[in-house]
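A.B. asks: Quick one: sequence and predicted model below, then my questions.
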Amino acid sequence: MYKQALLIPVLVFSLLSLSFAADLNGRWIGKIGNDDVGLDLKAEGKNLSGTIHTPYGEGPIGNGKIKGATFSFTYADNGIIIPYTGKLVGEKIDLSRTLGGKETIGTLDRMKEGDPLRIAQRMRSEMTEYWEPVPRVVDPGPYTNMVKAPSDAIVLFDGKDLSGWKSRDGSAAKWKVDNGVFTVVKGTGDISTRQKFGDYQLHIEWKVPEDIQGESQSRGNSGVMLQDLSSDLHLRDYWYEIQVLDSYNNPTYVNGQAGSVYKQSPPLVNAMRKPGEWNVYDITYTAPRFNEDGSLHTPARVTVFHNGILVQNNFALRGHTANAGLPRYMAPHGKGSITLQDHGDPSKAISFRNIWIREL
């Protein structure tokens, strides 16, 4: 009799779990935060499979598990593993997503039989490129004297070594230093400052080789990532970028030429010097601010002078500088590293020198 009494709650729990699993089957649609989300689920015992549909991609869910009245799964979005947890409440699902350390909650409704499951999909890279109007060309004149770092500046490259920089994996930067200049070593990856920054004034000089070959984005491509949050937020390619490119007689999409806020704002003019000559960026950057609940309070802003000529005038960034898709502020953050990009294009490597920063 005692054993039978023990078995009754176990049996009831098992039956409830089976019922819960069966109730999860089907298609669901709703929102998590501001994002539309759709699910097509199939439950088998304690295992859960199916597909997820979001504005940033769609595909099979992974690691789907059912435990009691809750369930969980993951989704691999552009190399990022995003965990989801949910609970069935009547004919609705309470679903949460954790991205960049921030949990966002939403609700999905069961769909009627025959209703189409449609979520607007992620944009392709070329969909955010535009080619007109082309910024007019301004001759900045020859490079004259190197601007020395002021007394209150932090020197990020002293012409001797890259001790203040690191590779993506935290190891020493592998780019080549020679005669006061460092040059990208293709295939070794981006390098980032070991120190992190918020608001600042940055001076950086860069040069494409005189015999550079290639066209459009495959000619002297790199970038200055004003704040690289990829590692801190566990988000792939999450940064705010000022484009570095040989834009001298080199047509490309205008929001991807030298001096652009990549994929957001083309330069006001094209102030590029000839290949083999030094270019100078003077950048004033104000980091974004976030409210206590993680929502955006004020956007990041940037002013850029290219060879002494204004090309970005206190531009308000709309979010991270995504290669594909629309910019957005995906998660709150503090200070971030400055990163220089090893782009991977087939042209000869570009060089940098005289890099210093003043915190504001």
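C.D. replies: Right, received. Where do you want to start?
A.B. asks: what about Pro133, neighbour count?
C.D. replies: Applying other C-beta atoms under 10 Å, we find 8 residues neighbouring Pro133. Heads up, the C-betas are built off the backbone N, CA and C, glycines and all.
A.B. asks: same question but for Asn255, I mixed them up
C.D. replies: 19.
A.B. asks: tell me the contacts of the closest residue to it other than its chain neighbours?
C.D. replies: The shortest distance from Asn255 to any non-neighbouring residue, by C-beta to C-beta, 6 or more residues apart in numbering, is to Pro266 (4.8 Å). Shown in contact with Pro266 (C-beta atoms under 8 Å, 6 or more residues apart in numbering): Pro135, Val254, Asn255, Gln257, Ser260.
A.B. asks: Can you tell me the SS state at Arg353?
C.D. replies: Under DSSP: H, G, I helix; E, B strand; the rest coil, Arg353 falls in the strand class.
A.B. asks: returning to that earlier point: top of the contacts of Pro266 by neighbour count?
C.D. replies: Neighbour counts for the contacts of Pro266 peak at Ser260, which has 28 neighbours (criterion: other C-beta under 10 Å).
A.B. asks: give me phi/psi at the nearest residue to it once chain neighbours are set aside?
C.D. replies: The spatially closest residue to Ser260, leaving aside those adjacent along the chain, is Gln243, at 4.6 Å (C-beta to C-beta, 6+ apart). Note on Gln243: its backbone torsions stand at phi -70, psi 140 [degrees, to the nearest 10].
A.B. asks: ok, residues contacting stretch 177-196?
C.D. replies: Here stretch 177-196 makes contact (C-beta under 8 Å, 6+ apart) with 154, 156-157, 159-162, 164-168, 173-176, 222, 225, 228, 334-342, 344, 349-353.
A.B. asks: residue ranges with poor pLDDT in the stretch 1-150 of the chain?
C.D. replies: Applying pLDDT under 70 to the stretch 1-150 of the chain flags residues 1-22, 56-57, 77-80, 100, 114, 117-124.
A.B. asks: could you measure Pro275 against Val208, distance?
C.D. replies: Pro275 is 5 Å from Val208, where distance means C-beta to C-beta, to the nearest Å.
A.B. asks: ugh, typo on my part, it should be Leu310
C.D. replies: 22 Å.
A.B. asks: so Gln217 sits in a strand?
C.D. replies: No: looking at Gln217 with three-state DSSP, it is helix, so not inside a strand.
A.B. asks: Excluding covalently adjacent residues, which one is nearest to it?
C.D. replies: Thr252 (5.8 Å).
A.B. asks: The one you found: neighbour count?
C.D. replies: Residues lying near Thr252 (other C-beta under 10 Å) number 22.
A.B. asks: which element is it on?
C.D. replies: Under DSSP states H and E, no helix or strand contains Thr252.
A.B. asks: now swap in Glu103 and tell me
C.D. replies: strand 102-110.
A.B. asks: Relative to that strand, what are the paired strands and their orientations?
C.D. replies: Strand 102-110 has its sheet partners listed here by DSSP bridges as strand 26-32 (antiparallel), strand 92-99 (antiparallel).
A.B. asks: Return that strand as CSV; C-alpha atoms alone will do.
C.D. replies: The C-alpha coordinates for strand 102-110 follow below in CSV (Å, rounded to 0.1, in the frame of the first residue of the first chain):
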residue,chain,number,x,y,z
LYS,A,102,20.7,40.2,-21.4
GLU,A,103,17.5,38.3,-21.0
THR,A,104,14.5,39.4,-23.2
ILE,A,105,11.0,38.1,-22.6
GLY,A,106,8.1,37.6,-25.0
THR,A,107,4.9,35.8,-25.6
LEU,A,108,3.9,33.5,-28.5
ASP,A,109,0.4,32.4,-29.5
ARG,A,110,-0.6,29.1,-31.0
